[in-house]
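Enquirer: Return a 3D structure for these sequence lines:
(chains A and B)
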Amino acid sequence: KAGVTQTPRYLIKTRGQQVTLSCSPISGHRSVSWYQQTPGQGLQFLFEYFSETQRNKGNFPGRFSGRQFSNSRSEMNVSTLELGDSALYLCASSLGEGVSNQPQHFGDGTRLSIL
Amino acid sequence: TQLLEQSPQFLSIQEGENLTVYCNSSSVFSSLQWYRQEPGEGPVLLVTVVTGGEVKKLKRLTFQFGDARKDSSLHITAAQPGDTGLYLCAGAWAGGFKTIFGAGTRLFVKA
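Expert: Below you'll find the predicted structure:
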């Protein structure tokens, strides 16, 4: 069974640009969550999608957005990139209804570096 | 603010030693999960605990959920170099559609 796939694995951008990251969940999983991981802040929750609807959002500015498609694949977009956006962006999928008690399966992340 | 505090932040031990890492919060969780993350990879789920006082064992790893469901511990017996990694605890609430993570305990086991 294929795991969670995130593309690209590495990305280098400059300040002011925008970026789109992609996540393909495990087949049959309908919930996708996104996290930002940095050495200083650890894993921070960005947002969670289920059946193309965003059900919860973390404390990030509006430059961070996401969406989910009918096949459960998800994308997140960051506009007007800042140096502080450099991080590992992780996607996790689970079966659905809620993340509570549902094991989350993580991809290996996209390492985003802002120059 | 809902926070999960993990301690210690860093731990460096010799192979064969025992260790315990802790995860504490003022919030009550419906479930708590432990993950291990290795460099260049995403976190991998080790265990989920849902019942206050629950103890789960996974080979040399023992996980305990506090009676009040606010804290948890992970005990490793006879640590091996392969146990090296970042150990993360994560708490979730029923219907919350959100999981919060602790900052992690970085464990290094020397051969």
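
Enquirer: How about the contacts made by residue A:70?
Expert: Each residue near residue A:70 by C-beta atoms under 8 Å, 6 or more residues apart in numbering or on different chains is listed here: residue A:52. (Glycine included, C-beta is placed from N, CA and C.)

Enquirer: For burial, what's the neighbour tally of residue B:40?
Expert: 10 (other C-beta atoms under 10 Å in any protein chain shown).

Enquirer: ditto for residue A:32
Expert: 29.

Enquirer: what do you get for the one 3 residues further on?
Expert: Other residues lying near residue A:35 total 26 when counted by other C-beta under 10 Å.

Enquirer: who does the lowest-mean-pLDDT helix or strand in chain B pair up with?
Expert: The weakest-scoring helix or strand in chain B, judged by mean pLDDT, DSSP states H and E, is strand B:99-101 (a mean of 86). Here strand B:99-101 has these sheet partners by DSSP bridges: strand B:85-92 (antiparallel).

Enquirer: what does the partner strand contact?
Expert: Under the contact criterion C-beta under 8 Å, 6+ apart, strand B:85-92 has outside partners A:42-43, A:98-101, A:104, B:2, B:4, B:6, B:21, B:23, B:25, B:27, B:29-38, B:43, B:72, B:74, B:98-102, B:104-107.

Enquirer: So which residues of the chain form helices?
Expert: In the absence of a named chain, this looks at chain A. For chain A, applying DSSP state H gives no helices.

Enquirer: pretty sure residue B:99 contacts residue A:45?
Expert: Yes - the pair residue B:99 / residue A:45 is scored as a contact, 6.6 Å apart, by C-beta atoms under 8 Å.
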